[in-house]
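Undergrad: mind looking at a prediction? Sequence and model below.
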Amino acid sequence: MSQISRKSVAICCHGFLGETGMLKEIEATLTEKPFDQIYDKVANISYYSSKYGINFTQPYDLQTPIYSENTDQTLSHNFYAQICSILQEFNEEVNLDIYAHSMGGLVTRSMVKYLSTEKDGGIWIRNGLVTNVFLLGSPNHGTRLAQRSINIPLDILMTGLNLLLELPDDVTSEDLQLFRSQFMQMVPNSKFLKQLNRRSENIEESINWVTVRGMRWIRQLGWLPMVWQPFLFRKFWIDRHFPFFHIGIIPNDGLVDANRVPLKFATNLTVPSASHMSLLYWKTKKSGKHVLKLLKPIILSR
């Protein structure tokens with residue numbers, strides 16, 4: 001079936017402990033020229049219980065797994081339900097593009113893999129044909145932050161997260177004790193990730209997957225990278241060309257190892273100057289504008 005004859009919908013979704021405001025620059029960009037000729041609707045939604053983002057008064061938000069075969073109370077199910085609600089506005093079939101940041105990429109991939117429908121050689125969410133999925137800094141193979149946090153006192157972890165993600169001032173380590181379900185699913189080689197990354201040929205070939213990774217820390221953090229980065233991203237290895245151990249920093253965007261973002265079946269892009277959060281700033285950050293420049297021809301190639 002021709003994609004050109006259908007209307008198109010873009011969905012934006014945030015990452016772990018995020019809110020819709022984090023993707024406001026992407027949302028705004030997609031409603032402006034030339035993208036307004038592509039998308040008939042742009043929706044910025046949250047897979048947490050609040051339509052704006054996580055609600056720390058609701059245990060559901062923090063205890064809910066990204067996906068689990070044992071329950072339908074998952075972030076992926078919630079995301080799926082909200083997309084279906086938006087697609088109800090269209091009586092006809094539409095093309096569906098998803099822009100997902102960080103853990104939102106895992107929520108998206110889980111929704112597509114476990115909750116979508118295969119029809120006519122395509123992957124469908126209700127009446128939406130999933131056409132393009134853009135994964136911005138998504139830890140598709142896990143994140144060292146999740147792995148190391150098991151041994152980091154939560155108060156220290158909270159300090160880092162507050163600085164990086166600008167969490168509300170009233171969020172404490174006691175609140176974050178509830179997040180272990182979704183957070184620990186992002187530990188490299190977790191059961192969740194192993195199942196998610198098992199090959200699904202039709203899903204891989206029917207959708208145009210694109211990943212974007214950054215490789216730079218946020219300068220404004222000052223002294224924090226001097227402590228945080230070596231602790232989280234230091235790795236020991238043996239160099240084949242020298243008979244001794246080397247110690248070094250794994251390339252990363254501040255929260256996710258750069259080598260854990262790409263997918264074998266995707267178009268994998270790199271913006272060396274981008275940090276984990278600047279991947280989203282398509283209007284105000286130089287590195288964010290670079291992301292848009294790389295994605296623009298892909299978005300417009302209908």
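TA: Sure, I can see it.

Undergrad: now do the same for Ile38: its pLDDT.
TA: In this model, Ile38 is scored at 95, pLDDT.

Undergrad: could you point out which element follows the helix or strand hosting Gln195?
TA: Taking DSSP states H and E as the definition, Gln195 sits inside helix 191-196. Per DSSP H and E, the first helix or strand lying C-terminal to helix 191-196 is helix 201-206.

Undergrad: what is that following helix packed up against?
TA: strand 122-125 (3 or more CB pairs under 8 Å, 6 or more residues apart in numbering; DSSP states H and E). The way it works is simple: take the backbone N, C-alpha and C, and place the C-beta from them, glycine included.

Undergrad: any idea how far the next helix or strand after the strand it packs on is from the chain center?
TA: Note on strand 122-125: by DSSP H and E, the next helix or strand toward the C-terminus is strand 128-136. What separates the centre of strand 128-136 from the centre of its chain is 12 Å, taken as CA atoms, centre = their mean, to the nearest Å.

Undergrad: what lines up beside strand 128-136 in the sheet?
TA: Sheet pairing of strand 128-136 (DSSP bridges) gives strand 94-101 (parallel), strand 122-125 (antiparallel), strand 208-214 (parallel).

Undergrad: what's the most buried one of these?
TA: Of the strands paired with strand 128-136, the one with the most neighbours on average (mean count of other CB atoms under 10 Å) is strand 94-101, at a mean of 25.

Undergrad: pLDDT (mean, whole number) over that strand?
TA: 98.

Undergrad: what does it contact?
TA: Residues from elsewhere that reach strand 94-101 (CB atoms under 8 Å, 6 or more residues apart in numbering): 3, 6-15, 18, 22-23, 26, 30, 39-40, 83, 87, 107-108, 125, 127-138, 279-280, 299.

Undergrad: following it, which helix or strand comes up?
TA: Following strand 94-101 in sequence order, the next helix or strand is helix 103-115 (DSSP H and E).

Undergrad: which parts of that next one are buried?
TA: Under the neighbour-count criterion of 16 or more other CB atoms under 10 Å, helix 103-115 has 103-115 buried.

Undergrad: just stretch 54-68 next, same as before
TA: Ile54, Asn55, Phe56, Asp61, Leu62, Thr64, Pro65, Ile66, Tyr67, Ser68.

Undergrad: and for Lys7, the neighbour number?
TA: For Lys7, the neighbour count with other CB atoms under 10 Å is 14.

Undergrad: now do the contacts for the spatially closest residue to it that is not a sequence neighbour.
TA: In this structure, Lys7 finds its nearest non-sequential neighbour in Asp40, 4.2 Å apart by CB to CB, 6 or more residues apart in numbering. For Asp40, the contacting residues are Lys7, Ser8, Val9, Val94, by CB under 8 Å, 6+ apart.

Undergrad: against Leu87, how distant is Asp40?
TA: Counting by CB to CB, to the nearest Å, the separation of Asp40 from Leu87 is 12 Å.

Undergrad: overlap in contacts, the two.
TA: Here Asp40 and Leu87 have Val9, Val94 as joint contacts, going by CB under 8 Å, 6+ apart.

Undergrad: so which elements touch the longest helix along the chain?
TA: Looking across the chain with DSSP state H, the single longest helix is helix 286-300. Secondary-structure packing of helix 286-300 (3+ CB pairs under 8 Å, 6+ apart): strand 128-136, strand 208-214, strand 267-271.

Undergrad: put together a markdown table for those, with distance to Asn259 and mean pLDDT on each row.
TA: Shown next, in a markdown table, are those (distance: least, CB to CB, whole Å; pLDDT from 0 to 100):
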| stretch | distance to Asn259 | mean pLDDT |
| --- | --- | --- |
| strand 128-136 | 14 | 98 |
| strand 208-214 | 9 | 98 |
| strand 267-271 | 11 | 98 |
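
Undergrad: in TSV: the ones you listed, plus distance to His77.
TA: Written out in TSV, the entries for those read as follows (distance: least, CB to CB, whole Å):
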stretch	distance to His77
strand 128-136	16
strand 208-214	22
strand 267-271	28
